[in-house]
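Participant: Give me a model of this one.
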Amino acid sequence: MDVETAPQTTSQTTPATLPPLPYGLLVVSCLAMFAASSSGTTRAPFLLDMSRDLNTALPLVANLVAMTSIAWGVASLLAGAGSDRFGRRPFLLLGPLGLMLALVGVAQAGSFLTVALWSVAAGGFSGGFTGPVYAEVSARVHAGQRGRALGWVMAGQSLTLLVGVPMAAWIGSFAGWRGVNLCIGVLALAALIGMLITTYGRVSSARAVGSKPASLGTVMSGPVLRLLTMGVCERVCYGLTAVYFATFLQSTYAISVAAVAIPLALFAAGNILGTIVGGQLADRLSNRLRTFAVAMAGSSGVALLLFGWPANLETSVGLGFLYVFVNAVARPSMLAALTDVPEAIRGTVLGLNVTSASFGWLFAASLGGWMMASYGFGGFGPLAALFGLIGAALALLGGRRAPVSPR
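Facilitator: The predicted structure is shown next:
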């Protein structure tokens with residue numbers, strides 16, 4: 001069987017007669033991504049409380065983030081391939097259901113080991129529907145609308161920083177970290193109900209019954225591998241700032257934790273706005289890879305200013321907003337380009353994208369920690385600029401290469 005595995009690099013002109021976007025599915029997908037991202041990110045304000053409650057060292061509790069990320073990445077790879085063979089809907093339903101049950105398990109756990117096991121399960125179930133969600137949305141919209149549609153889905157993760165973490169801190173002030181997990185479980189239940197409604201009657205697997213699944217070597221064509229590497233570079237650039245921006249402001253300007261709240265809200269707003277603008281550009285400009293390259297090159301320049309020119313707090317906050325905005329513009333174009341593979345292998349490719357993105361986050365956290373210990377925050381600008389330029393170069397090297405059809 002011939003399988004096209006190289007994505008197209010150009011966005012299609014959107015005709016005036018395009019059908020409306022499936023807004024119901026987009027809202028539910030955004031909610032599901034919000035619940036999945038919140039299951040791990042909202043743990044940050046309660047690390048000390050969890051450490052005391054579970055009688056465990058703080059570093060162990062902090063390592064729950066890494067455990068969740070690894071489980072998320074592995075599950076995304078397996079679920080993406082599975083959704084190509086068995087259809088998207090089982091994964092779109094079992095993912096939120098498992099996430100809800102895992103969060104209830106976290107809330108009821110009495111020991112750190114039990115919390116860790118349930119947290120890993122939550123990460124696995126989150127990864128189990130992330131790739132299939134992207135694949136289902138891309139299958140339900142015209143190719144010229146995928147930038148905007150996928151931007152809706154990605155906005156769910158961005159909203160976690162803007163809305164999820166502050167709301168979790170407020171809820172946790174009287175319900176504790178266990179109550180926060182139960183609340184997120186309710187969101188996962190709402191996402192499950194929404195998926196049941198918006199995917200009813202859908203058989204969204206393009207593979208013929210009885211046909212053999214495409215091998216990983218076939219799926220990992222040169223253009224796909226290049227796009228995945230571009231995604232890792234983008235995630236490293238974003239993660240370096242998302243993880244360490246608050247620490248950078250505190251150490252540079254000697255401000256309190258409470259004073260970081262507004263800069264972090266502006267940072268999250270820049271991410272959401274950049275995702276929206278990036279989705280529009282991905283659908284309207286003639287070459288998605290060129291759009292990605294320009295945005296990544298721009299973020300490289302802003303990174304040098306952000307970490308190399310700490311003039312005052314207001315300037316740094318403004319540059320942080322600009323940096324995350326420009327960086328966020330790049331991602332919808334890259335993701336929309338990935339969806340241009342055939343639907344029969346789209347789940348596998350998008351699952352690989354989520355897996356590679358999780359590695360990007362791990363690289364950002366580890367490289368950032370090493371850079372901060374060795375050279376201080378002055379080294380963050382060149383490091384982020386390096387990865388940004390590598391991503392831009394890979395995008396430009398792709399050009400307008402035509403799809404290939406390896407056997």
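
Participant: Let me see the domain layout of the chain.
Facilitator: Here the domain parsing of the chain from automatic domain parsing is 23-198, 221-398.

Participant: quick one: low-confidence parts of the stretch 1-150 of the chain?
Facilitator: Residue ranges of the stretch 1-150 of the chain with pLDDT under 70: 1-18.

Participant: Would you map the helices across it?
Facilitator: Ranges of helices in the stretch 1-150 of the chain, per DSSP state H, counting those that start in this stretch, are 23-41, 47-54, 58-62, 64-86, 89-108, 112-139, 146-159.

Participant: mind checking which of those helices is nearest Leu273?
Facilitator: helix 146-159 (9.2 Å; Cβ to Cβ). In this view, the C-beta of every residue, glycine as well, is placed from N, C-alpha and C.

Participant: Can I get that closest one in PDB? Just the C-alpha atoms.
Facilitator: Coordinates of each C-alpha in helix 146-159 appear next as PDB, following Å, rounded to 0.1, in the frame of the first residue of the first chain:
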ATOM      1  CA  ARG A 146      -6.800  23.900  10.300                       C
ATOM      2  CA  GLY A 147      -4.700  26.600  11.600                       C
ATOM      3  CA  ARG A 148      -7.600  28.300  13.300                       C
ATOM      4  CA  ALA A 149      -9.300  25.100  14.400                       C
ATOM      5  CA  LEU A 150      -6.100  23.700  16.000                       C
ATOM      6  CA  GLY A 151      -5.500  27.100  17.600                       C
ATOM      7  CA  TRP A 152      -8.700  26.600  19.500                       C
ATOM      8  CA  VAL A 153      -7.500  23.200  20.800                       C
ATOM      9  CA  MET A 154      -4.100  24.600  21.800                       C
ATOM     10  CA  ALA A 155      -5.800  27.500  23.600                       C
ATOM     11  CA  GLY A 156      -7.000  25.000  26.200                       C
ATOM     12  CA  GLN A 157      -3.400  24.500  27.400                       C
ATOM     13  CA  SER A 158      -2.700  28.200  27.300                       C
ATOM     14  CA  LEU A 159      -5.700  29.000  29.400                       C
END
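
Participant: now whatever helix or strand comes next after that helix: how far from the chain's centre is it?
Facilitator: Once helix 146-159 ends, the next helix or strand along the chain (criterion: DSSP states H and E) is helix 165-198. Offset of helix 165-198 from its chain centre (Cα atoms, centre = their mean, to the nearest Å): 19 Å.

Participant: Helix 165-198 - contacts with which helices or strands?
Facilitator: helix 23-41, helix 47-54, helix 89-108 (3 or more Cβ pairs under 8 Å, 6 or more residues apart in numbering; DSSP states H and E).

Participant: which parts of that helix are buried?
Facilitator: Buried residues in helix 165-198, counting neighbours by 16 or more other Cβ atoms under 10 Å, are found at 165-166, 168, 171-172, 176-178, 180-185, 187-192, 194-195, 198.

Participant: Mean neighbour count and distance to Thr315 for the helices of the stretch 1-150 of the chain - can I get that in JSON lines?
Facilitator: Below are the helices of the stretch 1-150 of the chain laid out as JSON lines (neighbours: other Cβ atoms under 10 Å; distance: least, Cβ to Cβ, whole Å):
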{"stretch": "helix 23-41", "mean neighbour count": "23", "distance to Thr315": "27"}
{"stretch": "helix 47-54", "mean neighbour count": "16", "distance to Thr315": "30"}
{"stretch": "helix 58-62", "mean neighbour count": "14", "distance to Thr315": "31"}
{"stretch": "helix 64-86", "mean neighbour count": "22", "distance to Thr315": "30"}
{"stretch": "helix 89-108", "mean neighbour count": "22", "distance to Thr315": "40"}
{"stretch": "helix 112-139", "mean neighbour count": "25", "distance to Thr315": "36"}
{"stretch": "helix 146-159", "mean neighbour count": "24", "distance to Thr315": "24"}
